[in-house]
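Participant: Sequence first, predicted model second:
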Amino acid sequence: MSDLFSAAGLEDDAPRPLADRLRPKKLSDVVGQGHLIGPDGPIGAMLRNGRLVSMILWGPPGVGKTTIARLLAQETDLEFEALSAIFSGVKDLRAAFEKAEARRRVGKGTLLFVDEIHRFNRSQQDGFLPFVESGTVTLVGATTENPSFELNGALLSRCQVMVLRRLEDDDLRELMARAERAMGRRLPAMPDAREALIRMADGDGRYLLNLVEQAYAMRGEPGLLSLEEIATGLQKRAAAYDKDREEHYNLISALHKSVRGSDPDAALYWFARMLEGGEDPLFIARRLIRMASEDIGLADPTALMICGEAARSYERLGSPEGELMLAHAVIHLATAPKSNAAYVAYKAARRAASETGSLMPPKHILNAPTSMMKDQGYGSGYVYDHDTEEGVSGQNYFPDAMGRQQYYTPKGAGRERPIADWLKEIAALRKSRLDE
């Protein structure tokens with residue numbers, strides 16, 4: 001009988017979802033996580049050495065976190081105590097620790113499984129520390145969120161983080177085959193409809209088994225479900241995306257790197273993934289404007305204008321019409337010549353400004369609106385650049401105590417090529433003037 005159904009007071013023969021009936025009975029039955037539970041994996045090595053340490057199981061939904069925790073308790077002869085951070089509070093934690101201490105006094109260990117552990121606040125997470133350190137409990141926490149963002153450093157330092165993988169298509173096919181054996185008959189679906197179920201599950205084994213169960217219910221009589229019937233009758237799993245958590249940052253990073261790498265197809269894919277996940281298009285628009293300066297810069301000055309206009313167009317049109325303008329900007333950025341010279345120059349100038357404090361400009365480039373300022377030498381010796389033959393005076397514009405610096409070095413791509421040539425001419429002219 002499963003822990004969940006036992007807790008609910010249900011008998012073995014009570015109706016249970018297919019996903020629960022197919023829960024693995026031993027670790028080797030868990031699919032898709034061989035890198036952790038296999039003989040060469042870290043969990044496999046712990047079991048082989050007879051020493052289980054506290055850990056955080058981090059991975060997407062439906063890949064076996066709860067199952068692995070339950071089976072770890074079974075294979076190490078620990079009492080399995082389960083809590084959910086969604087439904088549990090301080091009172092529940094205290095009760096769990098008291099039971100664990102009582103078991104320890106009679107020589108029995110406890111594996112405390114905490115689902116959605118990231119939902120406990122910082123002080124609640126700190127409450128685990130003495131019990132983990134003393135060995136009163138072996139903590140196994142499960143989370144879909146990046147532990148480095150969501151869990152206390154103190155708790156993380158006492159746990160190993162195990163990263164569970166999204167299930168591959170072959171893993172999902174194995175689960176489908178197990179479902180067929182449990183049901184005693186083949187899934188009533190055409191081959192293309194079967195593959196559609198795999199795609200709809202999107203790496204989530206639990207969701208796949210729910211879809212399979214629904215497919216059996218849809219077609220109890222002879223005959224096979226078509227692709228159209230599957231698409232109409234069942235719901236695709238929502239893509240993993242949370243606009244204020246890790247997936248949000250992962251996908252915008254993927255978009256940015258694809259643009260920087262001049263891959264318009266990958267850039268469009270990640271752009272579309274963000275839209276499908278419900279991302280605010282104006283957030284994407286703001287990031288595109290940043291990319292236009294950071295990664296394209298003066299190699300293609302029109303990139304910044306196009307991104308700004310795409311953002312304004314979206315504000316006028318909204319979704320879905322305005323999304324095309326953002327896609328236009330994505331393609332332009334990805335295919336534009338690249339230069340981070342302006343970005344590098346800006347950062348270098350900011351560092352220099354921070355380090356040099358309050359150095360005054362050289363007096364010859366200061367205005368002298370009063371006679372006293374003229375007497376102080378303000379404006380003395382300034383050469384009006386437009387009056388020179390070359391249009392450039394070659395004078396020094398840095399503080400006298402600082403010396404000449406170079407922050408901006410054009411890459412020579414796109415529109416920066418003539419800029420680079422022009423700056424070389426100016427540097428030569430400046431040198432000749434200094435030598436005079």
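Facilitator: Yep, it's here.
Participant: what about residue 15, distance to residue 213?
Facilitator: Noted for residue 15: a distance of 11 Å to residue 213, by Cβ to Cβ, to the nearest Å. C-beta here means a position set from N, CA and C on the backbone, and glycine is covered the same way.
Participant: So between the two, which is more surrounded?
Facilitator: More crowded of residue 15 and residue 213, by other Cβ atoms under 10 Å: residue 213, with 17 against 7.
Participant: tell me which element the more buried one falls in.
Facilitator: Residue 213 belongs to helix 205-218 when assigned by DSSP states H and E.
Participant: what is the rounded mean pLDDT of that helix?
Facilitator: For helix 205-218, the mean pLDDT works out to 90.
Participant: helix or strand right after that helix?
Facilitator: Counting by DSSP H and E, the next helix or strand C-terminal to helix 205-218 is helix 227-233.
Participant: what helices or strands is that next one leaning on?
Facilitator: With contacts taken as 3 or more Cβ pairs under 8 Å, 6 or more residues apart in numbering; DSSP states H and E, helix 227-233 sits against helix 191-201, helix 205-218.
Participant: Give the rounded mean pLDDT of stretch 39-59.
Facilitator: Average pLDDT, stretch 39-59: 93.
Participant: Next, the buried residues of it.
Facilitator: Neighbour-count burial for stretch 39-59, counted by 16 or more other Cβ atoms under 10 Å, picks out 43-44, 46-47, 52, 54-59.
Participant: any chance of those in CSV, with secondary structure too?
Facilitator: Converted to CSV, the buried residues of stretch 39-59 look like this (DSSP: H, G, I helix; E, B strand; the rest coil):
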residue, secondary structure
43, helix
44, helix
46, helix
47, helix
52, coil
54, coil
55, strand
56, strand
57, strand
58, strand
59, coil
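Participant: would CSV of those residues with distance to residue 202 be doable?
Facilitator: Formatted as CSV, the buried residues of stretch 39-59 follow (distance: Cβ to Cβ, whole Å):
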residue, distance to residue 202
43, 25
44, 27
46, 30
47, 30
52, 31
54, 30
55, 26
56, 23
57, 20
58, 18
59, 14
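Participant: which one of those residues sits closest to residue 388?
Facilitator: Ranked by distance to residue 388 (Cβ to Cβ), the buried residues of stretch 39-59 are led by residue 58 at 64.7 Å.
Participant: Against residue 133, how distant is the closest one?
Facilitator: For residue 58, the distance to residue 133 equals 22 Å [Cβ to Cβ].
Participant: residues making contact with stretch 358-365?
Facilitator: Stretch 358-365 has contacts (Cβ atoms under 8 Å, 6 or more residues apart in numbering) with 376-382, 395-402.
Participant: got the end-to-end distance for that stretch?
Facilitator: 16 Å (Cα to Cα, to the nearest Å).
Participant: Over to stretch 113-122?
Facilitator: 18 Å.
Participant: List the buried residues for it?
Facilitator: Using 16+ other Cβ under 10 Å as the test for burial, stretch 113-122 gives 113-120.
Participant: and it, what's its mean pLDDT?
Facilitator: pLDDT averaged over stretch 113-122 gives 91.
Participant: quick one: it to chain centroid distance?
Facilitator: 20 Å (Cα atoms, centre = their mean, to the nearest Å).
Participant: any idea how the chain splits into domains?
Facilitator: 3-163, 169-233, 246-335, 360-435 (automatic domain parsing).
Participant: The ones you listed: which one's closest to residue 347?
Facilitator: Closest to residue 347 of the domains of the chain is domain 360-435 (Cβ to Cβ; 8.5 Å).
Participant: Residue 19 is in contact with residue 212, isn't it?
Facilitator: No - with contacts counted by Cβ atoms under 8 Å, residue 19 stays clear of residue 212, the gap being 9.1 Å.
Participant: Comparing the two, which shows the higher neighbour count?
Facilitator: Using other Cβ under 10 Å, the more surrounded residue of residue 19 and residue 212 is residue 212, with 27 against 18.
Participant: residue contacts, that one?
Facilitator: By Cβ under 8 Å, 6+ apart, residue 212 lies in contact with 18, 176, 179, 187, 197.
Participant: can you rerun that using 10 Å?
Facilitator: 18-19, 22, 172, 175-176, 178-180, 182-183, 187, 189, 194, 197, 201, 234 (Cβ atoms under 10 Å, 6 or more residues apart in numbering).
Participant: does the residue positioned nearest the centre of the chain belong to a helix or a strand, and which?
Facilitator: Nearest to the geometric centre of the chain sits residue 250, at 2.5 Å (Cα atoms, centre = their mean). Using DSSP H and E, residue 250 falls within helix 246-260.
Participant: list the helices and strands that helix packs on?
Facilitator: With contacts taken as 3 or more Cβ pairs under 10 Å, 6 or more residues apart in numbering; DSSP states H and E, helix 246-260 sits against helix 147-150, helix 264-276, helix 281-291, helix 323-335.
Participant: worst average pLDDT in those helices?
Facilitator: Across these, helix 147-150 gives the lowest mean pLDDT, at a mean of 85.
Participant: Show me the strands in the protein, by range?
Facilitator: Along the chain, counting by DSSP state E, strands occupy 55-58, 79-84, 110-115, 138-143, 160-163.
Participant: what about these, which gets the closest to residue 280?
Facilitator: Residue 280 lies closest, by Cβ to Cβ, to one member of these: strand 138-143, at 25.1 Å.
Participant: quick one, the closest one and strand 110-115 angle?
Facilitator: Compare the direction of strand 138-143 with that of strand 110-115 by axes from the mean of the first three to the mean of the last three Cα atoms, to 10 degrees and you get 10 degrees.
Participant: Quick one: list the elements packing against strand 138-143.
Facilitator: If you count contacts as 3+ Cβ pairs under 10 Å, 6+ apart, strand 138-143 packs onto strand 55-58, helix 65-75, strand 79-84, strand 110-115, helix 129-133, helix 153-156, strand 160-163.
Participant: give me every residue that touches residue 286.
Facilitator: Residue 286 sits next to 280, 307, 311 when contact means Cβ under 10 Å, 6+ apart.
Participant: Just the buried ones from those residues?
Facilitator: For the contacts of residue 286, a neighbour count by 16+ other Cβ under 10 Å gives the buried set as 307, 311.
Participant: What about residue 265, how many residues nearby?
Facilitator: For residue 265, the neighbour count with other Cβ under 10 Å is 9.
Participant: That one contacts residue 259, correct?
Facilitator: No - judged on Cβ atoms under 10 Å, residue 265 makes no contact with residue 259 at a distance of 11.5 Å.
Participant: ok, back up a step: buried only: go through the contacts of stretch 358-365 for me.
Facilitator: 378, 382, 395-396.
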